[in-house]
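Student: Structure of the sequence below:
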Amino acid sequence: MKTNPLAIAAIAGLALFAGAALAQTRTDQQNYPVRPIRIIVTTTAGSATDFTARTIGQRLTEVWGQQVVVDNRAGAGGVIGHELAAKAAPDGYTLVLSSSAGLVINPLLNKVPYDPVRDFAPISLAVINPNMLVSHPALPVANVDQLVALARAKPGKLNCASPGTGTANHLGCELLKSMAAVDFVHVPYKGTSPAISDLVGGQVDFMFNSMPAVLPLAKTGKLRALATAGRKRSAATPELPTIAETLPGYECINWYALLAPRGVPSGIVGKLNAEVVKLLAEPQVAQRFADQGSEPQTGTPAELAAYMRSETERWSKVIKMAGLKTEH
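Tutor: Presented below is the predicted three-dimensional model:
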């Protein structure tokens, strides 16, 4: 059988090209980043998600010498930012800083044009922000035990405010209702500010909300802090018990994570993960988050993926139990 010199040359050329491309890919990953990085944030400037992204971005800029720009793409409940990030080039130069709401709760309740698992490559969990359970000072309770006892004595009479149906705040109410086997009324508002305003005014009895929004009001006596909703006591309020100390297993936190479009080279994902884990362990960075009632909590990409799956399973049960309608 005769060999074809042209075919042999073509095969050799392809092998040489493939080898050169592989070497270039490895070089690009080793040198990453060589140009500015964009972190898409799915909420407005000034939000907890935005604060987390800017804190991480500022430190990465200092470490790498490449500008890390935060791009706020709020709207449609976070859909706009997530969809934009999912469709970005998987080269490591577009990332997304998202939350439990955008990666778990919204996709469970609504039909969204992105899949948190299929469309994104996890990098690392960044920080957690335990919700705080607060009540109006006139409500005759000082802790979770007393709130549960009052709810049992007056079934259907107490009410729990939230920024809207299907929010993490609302699901915190539903989880409390289920685990304590009590009945109270959910009162949804169009946003956090009016809900807090009515709670301060005494129009509603209690609510769950992130610490930065309600802790200052509790310190001035306009609200009463009953408990935090994390697994352990918050460093910002170590004297305040967790709900889990009364109802073991209770947890209602906001968490924030860094992800990239699916397909980003594993070398770049690994480099990003290592740097984020390192910077969030720095005392000055941790203190910045502690001042906001948040706690750095990092991990591997695989751990973030597993956490997202477990959170999806956990909240899907709460949503089903609460009888919330979904758009799926």
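Student: Describe which strands the biggest strand by length in the chain pairs with in its sheet and in which direction.
Tutor: Longest strand of the chain, by residue count under DSSP state E: strand 120-135. Using DSSP bridges, strand 120-135 pairs in its sheet with strand 206-210 (antiparallel), strand 224-228 (antiparallel), strand 253-261 (antiparallel), strand 295-296 (antiparallel).
Student: Single out the most deeply packed of those.
Tutor: Greatest average neighbour count among the strands paired with strand 120-135 goes to strand 206-210 (a mean of 26), per mean count of other CB atoms under 10 Å. For the C-beta atoms, the positions are set from N, CA and C on the backbone; glycine is no exception.
Student: ok now it, how far from the chain's centre?
Tutor: 17 Å (CA atoms, centre = their mean, to the nearest Å).
Student: How about stretch 157-169?
Tutor: Using CA atoms, centre = their mean, the mean C-alpha position of stretch 157-169 is found 19 Å from that of the whole chain.
Student: Let me see the mean pLDDT of it.
Tutor: The pLDDT scores in stretch 157-169 average 92.
Student: What count of nearby residues applies to the residue nearest to residue 279 when sequence neighbours are not counted?
Tutor: Leaving out its chain neighbours, the residue that sits closest to residue 279 by CB to CB, 6 or more residues apart in numbering is residue 59, at 4.5 Å. Residues within reach of residue 59, counting by other CB atoms under 10 Å, total 20.
Student: pLDDT weak spots in the protein?
Tutor: 1-3, 5-7, 9-10, 12-28, 328 (pLDDT under 70).
Student: For it, which segments are assigned as strands?
Tutor: Taking DSSP E, the strands of the chain run over residues 37-41, 68-72, 94-99, 120-135, 159-162, 185-188, 206-210, 224-228, 253-261, 295-296.
Student: Could you save these as JSON lines and add columns showing distance to residue 47?
Tutor: Converted to JSON lines, the strands of the chain look like this (distance: least, CB to CB, whole Å):
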{"stretch": "strand 37-41", "distance to residue 47": "8"}
{"stretch": "strand 68-72", "distance to residue 47": "9"}
{"stretch": "strand 94-99", "distance to residue 47": "9"}
{"stretch": "strand 120-135", "distance to residue 47": "11"}
{"stretch": "strand 159-162", "distance to residue 47": "17"}
{"stretch": "strand 185-188", "distance to residue 47": "20"}
{"stretch": "strand 206-210", "distance to residue 47": "10"}
{"stretch": "strand 224-228", "distance to residue 47": "20"}
{"stretch": "strand 253-261", "distance to residue 47": "10"}
{"stretch": "strand 295-296", "distance to residue 47": "18"}
